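# have a look at this fold, sequence not included:
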């Protein structure tokens with residue numbers, strides 16, 4: 001099926017030629033249309049297999065008869081289909097390129113990226129997308145970026161598809177990792193003053209030091225070191241004490257927690273601002289921990305939750321390998337699940353959302369299955385429209401990353417390395433051409449962002465990503481900078497034409513597009529025709545990778561067109577048609593990059 005405006009037009013033209021006995025509607029004809037394996041065979045193909053039973057003929061015979069009927073009809077009444085040829089069980093359709101180009105390109109240059117698809121539309125659905133979810137007191141690193149880029153792209157795609165979207169973050173600002181960090185900061189470092197900048201990153205180093213020492217003492221204790229065993233026991237006792245004090249809201253410790261927590265929040269805010277990510281609501285674990293414990297009591301009284309060996313939970317038989325979902329431990333403390341249920345209720349009550357999407361790595365799949373089943377048993381109608389978007393992890397060439405072990409690439413380091421590489425290899429030379437320092441810096445930032453976001457989004461969520469900075473920064477191949485280069489190239493062509501007084505006539509119409517005749521022009525028009533359907537599919541399936549694949553194919557089609565069809569030397573109708581093609585492509589690239597959260601540079 002080809003869900004595209006040209007397929008719809010071709011279906012309207014083809015449908016009257018089908019025998020009534022075929023019993024197909026126009027929509028069913030469009031659903032059946034497909035792309036031929038070789039562009040030389042035609043622009044669209046209609047398979048005749050489903051007609052065999054109704055017409056009592058073999059598909060090749062039906063194809064030959066139908067092609068003959070269409071050919072005879074076109075002689076009397078020309079339209080968007082100019083030729084129909086039989087090829088075995090298929091009827092290959094060749095479209096009038098001028099009519100096709102006018103139908104596809106004119107809406108694009110007027111900012112209508114949904115032509116023929118009844119969108120954007122107000123769906124009436126309020127969706128919350130929860131993503132990013134970093135922990136305070138830990139450093140933000142490359143591994144966090146897949147979640148952030150994926151969630152931000154989903155927010156943008158769903159909004160483009162007509163949903164009312166609430167972008168939400170859920171920060172882990174309580175828990176055992178906080179106690180570990182504060183233990184090392186207070187007891188071993190003596191609560192020193194932090195550096196003037198990047199305090200959250202510095203706090204993450206403290207957390208890693210604490211974790212590494214605990215792991216070392218544990219290894220030594222297991223090897224029979226009595227001194228290490230005593231040290232480990234004392235450390236565990238102290239971190240437990242700190243955790244209990246935090247949960248009891250001890251005023252002195254709470255002041256330290258609040259101060260250090262803000263260091264992380266400040267770092268996160270700087271990262272989000274640089275990446276162009278904004279949230280409508282930020283939730284904190286600290287605001288749902290106590291409500292979570294009250295919720296457990298409430299639903300225990302209602303008989304939804306049960307006691308089991310002094311713990312409280314719910315039995316979800318649907319999760320056969322682990323049916324008991326614990327919500328409060330024997331010692332009375334809650335778990336992540338406890339807070340997730342309280343958070344869900346807060347989302348439903350505060351925002352009246354119809355659909356809730358959780359962007360969390362694949363390791364939490366069973367957890368969220370339990371959460372959604374439990375919410376349903378608690379009586380929340382929205383539970384049916386809660387959805388977990390799992391994704392595989394980001395790894396380094398030598399294996400997985402772990403904050404506690406310190407084998408990570410910190411975000412600040414990544415940003416600095418990327419920007420420095422881009423300036424050194426591509427951009428600093430433009431100082432000689434009159435570029436300002438501000439433009440070079442802004443372009444380096446935009447290209448680094450494109451490398452990061454496209455690198456994180458181009459692979460499907462069910463595939464692991466092996467982070468490779470040098471490969472992601474290349475200007476050729478399937479990369480963000482290549483797409484940026486293609487957009488800048490299109491803008492450059494338009495700029496150079498304008499210098500010679502060759503600009504797009506705002507009244508350009510089908511008389512001009514009739515001048516298009518080259519195969520590369522046809523291929524680019526057909527590629528642009530797929531834009532609205534691709535955006536819709538990426539939003540519906542929650543798969544930004546679909547849009548990435550399309551963007552790369554569109555860029556390839558455009559660069560092939562430019563190589564085959566020089567624009568500036570053209571004149572008359574051909575010039576206007578080619579300027580229309582370039583303008584439509586440039587505007588489409590800018591729009592689609594924006595849906596991935598990537599700023600499009602105008603020159604490189």
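Sure, I can see it. In this text, all values refer to a predicted model and were calculated from it rather than measured experimentally. Numbers count the residues shown, from 1 in each chain.
# and the next helix or strand past the worst-scoring helix or strand of the chain on mean pLDDT?
One helix or strand of the chain scores below all others by mean pLDDT, DSSP states H and E: strand 399-400, with a mean of 76. Note on strand 399-400: by DSSP states H and E, the next helix or strand toward the C-terminus is helix 411-422.
# could you list the buried residues of that next one?
411, 412, 414, 415, 418, 419, 421, 422 (16 or more other C-beta atoms under 10 Å). Just so you know, the C-beta spots here come from the backbone N, C-alpha and C atoms, and that holds for glycine as well.
# so what does that helix touch, helix or strand wise?
helix 437-457, helix 469-472 (3 or more C-beta pairs under 8 Å, 6 or more residues apart in numbering; DSSP states H and E).
# out of those helices, nearest to residue 376?
The minimum distance between residue 376 and the helices and strands packed on helix 411-422 falls on helix 437-457, with 31.5 Å, by C-beta to C-beta.
# hang on, the earlier thing: give me the sheet partners of the least confident helix or strand of the chain and which way each runs.
Sheet partners assigned to strand 399-400 using DSSP bridges are listed as strand 394-396 (antiparallel).
# what does the strand it pairs with rub up against?
When contacts are defined by C-beta atoms under 8 Å, 6 or more residues apart in numbering, strand 394-396 is touched by residues 142, 143, 145, 146, 401, 407, 409, 456, 464, 465, 466, 467.
# just those residues now: which is nearest residue 175?
residue 143 (18.5 Å).
# from memory that closest one sits against residue 399, does it?
No - taking C-beta atoms under 8 Å as the definition, residue 143 is not a contact partner of residue 399, at 11.9 Å.
# comparing these two, which shows the higher neighbour count?
residue 143 (21 against 9; other C-beta atoms under 10 Å).
# any idea how far residue 283 is from that one?
21 Å (C-beta to C-beta, to the nearest Å).
# buried stuff in stretch 29-44?
Buried-residue list, stretch 29-44, by 16+ other C-beta under 10 Å: 29, 30, 32, 33, 35, 41, 42, 43, 44.
# quick one: residues contacting the first one.
For residue 29, the contacting residues are 11, 14, 15, 18, 46, by C-beta under 8 Å, 6+ apart.
# repeat that for 7 Å
Residues counted as contacts of residue 29 (C-beta atoms under 7 Å, 6 or more residues apart in numbering) are 11, 14, 15.
# and the second one, by the same measure?
By C-beta under 7 Å, 6+ apart, residue 30 lies in contact with 7, 8, 11.
# most neighbours, which of those?
For those, neighbours tallied by other C-beta under 10 Å; top is residue 7, 25 neighbours.
# wait, which of the contacts of strand 394-396 is closest to residue 559?
Among the contacts of strand 394-396, residue 456 lies closest to residue 559 (C-beta to C-beta), at 23.9 Å.
# not counting its neighbours along the chain, what's nearest residue 62?
Leaving out its chain neighbours, the residue that sits closest to residue 62 by C-beta to C-beta, 6 or more residues apart in numbering is residue 48, at 4.2 Å.
# any idea how far residue 420 is from residue 212?
29 Å.
# hang on, I meant residue 50
For residue 50 relative to residue 420 (C-beta to C-beta), the value is 59 Å.
# check residue 298 too.
Applying C-beta to C-beta to residue 298 and residue 420 gives a distance of 55 Å.
# residue 521 too?
In this view, residue 521 and residue 420 are 40 Å apart by C-beta to C-beta.
# for residue 87, same thing?
Distance from residue 87 to residue 420, by C-beta to C-beta: 55 Å.
# tell me, how many residues neighbour residue 335?
Residues lying near residue 335 (other C-beta under 10 Å) number 17.
# tell me the contacts of it?
Residue 335 sits in contact with 326, 327, 329, where contact means C-beta under 7 Å, 6+ apart.
# among those, who's most crowded?
Neighbour counts for those (other C-beta under 10 Å) peak at residue 327, which has 26 neighbours.
# Three-state assignment for that one, please.
Per DSSP: H, G, I helix; E, B strand; the rest coil, the local secondary structure of residue 327 is strand.
# over to the one 4 residues further on?
Three-state call for residue 331 (three-state DSSP): coil.
# for the stretch 251-400 of the chain, which segments are assigned as helices?
With DSSP state H, counting those that start in this stretch as the criterion, the stretch 251-400 of the chain has helices at 251-275, 289-301, 336-351, 365-377.
# for this protein, just list every one of the strands.
Along the chain, the stretches classed as strands by DSSP state E are 44-47, 81-87, 90-95, 126-130, 164-171, 281-284, 306-308, 311-315, 324-328, 355-359, 386-389, 394-396, 399-400, 465-466.
# can I get these in CSV including distance to residue 577?
Shown next, in CSV, are the strands of the chain (distance: least, C-beta to C-beta, whole Å):
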stretch, distance to residue 577
strand 44-47, 22
strand 81-87, 17
strand 90-95, 15
strand 126-130, 40
strand 164-171, 38
strand 281-284, 48
strand 306-308, 71
strand 311-315, 64
strand 324-328, 62
strand 355-359, 42
strand 386-389, 42
strand 394-396, 44
strand 399-400, 52
strand 465-466, 41
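# how about those strands, which one is nearest residue 591?
Nearest to residue 591, of all the strands of the chain, is strand 164-171, at 17.5 Å by C-beta to C-beta.
# what's the closest one packed up against?
strand 126-130, helix 145-160, strand 281-284 (3 or more C-beta pairs under 7 Å, 6 or more residues apart in numbering; DSSP states H and E).
# how many other residues sit next to residue 56?
So residue 56, with other C-beta under 10 Å, has 9 neighbours.
# if I look at it, how far off is residue 360?
55 Å.
# ok now the least confident helix or strand of the chain, how far from the chain's centre?
Taking the mean of its C-alpha atoms, strand 399-400 sits 23 Å from the chain's own mean (C-alpha atoms, centre = their mean, to the nearest Å).
# is it true that residue 296 touches residue 312?
Yes - using C-beta atoms under 7 Å, residue 296 and residue 312 qualify as a contacting pair, with a distance of 5.5 Å.
# ok, back up a step: can I get the buried residues of helix 411-422 in a markdown table with distance to residue 106 and pLDDT?
Shown next, in a markdown table, are the buried residues of helix 411-422 (distance: C-beta to C-beta, whole Å; pLDDT from 0 to 100):
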| residue | distance to residue 106 | pLDDT |
| --- | --- | --- |
| 411 | 43 | 93 |
| 412 | 46 | 93 |
| 414 | 42 | 94 |
| 415 | 41 | 95 |
| 418 | 39 | 96 |
| 419 | 39 | 97 |
| 421 | 41 | 96 |
| 422 | 36 | 96 |
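# and which of those residues is nearest residue 596?
Nearest to residue 596 out of these is residue 418 (C-beta to C-beta; 16.9 Å).
# which residue ranges of the stretch 501-604 of the chain form helices?
Under DSSP H, counting those that start in this stretch, the stretch 501-604 of the chain gives helices at 510-513, 519-529, 531-540, 544-564, 572-595.
# in the third one, what's buried?
I take that to be helix 531-540. Buried-residue list, helix 531-540, by 16+ other C-beta under 10 Å: 531, 532, 533, 534, 535, 536, 537, 538, 539.
# quick one: residue 450 from residue 151, how far?
Note on residue 450: its distance to residue 151, by C-beta to C-beta, is 18 Å.
# typo on my end, it should be residue 578
39 Å.
# separation between the residue lying closest to residue 135 once chain neighbours are set aside and residue 195?
Of all residues not flanking residue 135 in the chain, residue 172 sits nearest, at 3.8 Å (C-beta to C-beta, 6+ apart). When distance is defined by C-beta to C-beta, residue 172 is 23 Å away from residue 195.
# the two: who's more crowded?
Neighbour tally, residue 172 and residue 195, criterion other C-beta under 10 Å: the higher count belongs to residue 172, 19 against 10.
# residues contacting that one?
133, 135, 136, 285.
# verify the stated contact: the last one with residue 177.
Looking back up the chat, that one is residue 285. No - counting by C-beta under 7 Å, residue 285 sits too far from residue 177 to count as a contact (10.9 Å).
# the residue of the chain positioned farthest from its centre and residue 217, how far apart?
Checked against the mean C-alpha position of the chain, the extreme residue using C-alpha atoms, centre = their mean is residue 226, at a distance of 51.1 Å. Residue 226 sits 12 Å away from residue 217, taking C-beta to C-beta as the criterion.
# all good on my end, thank you.
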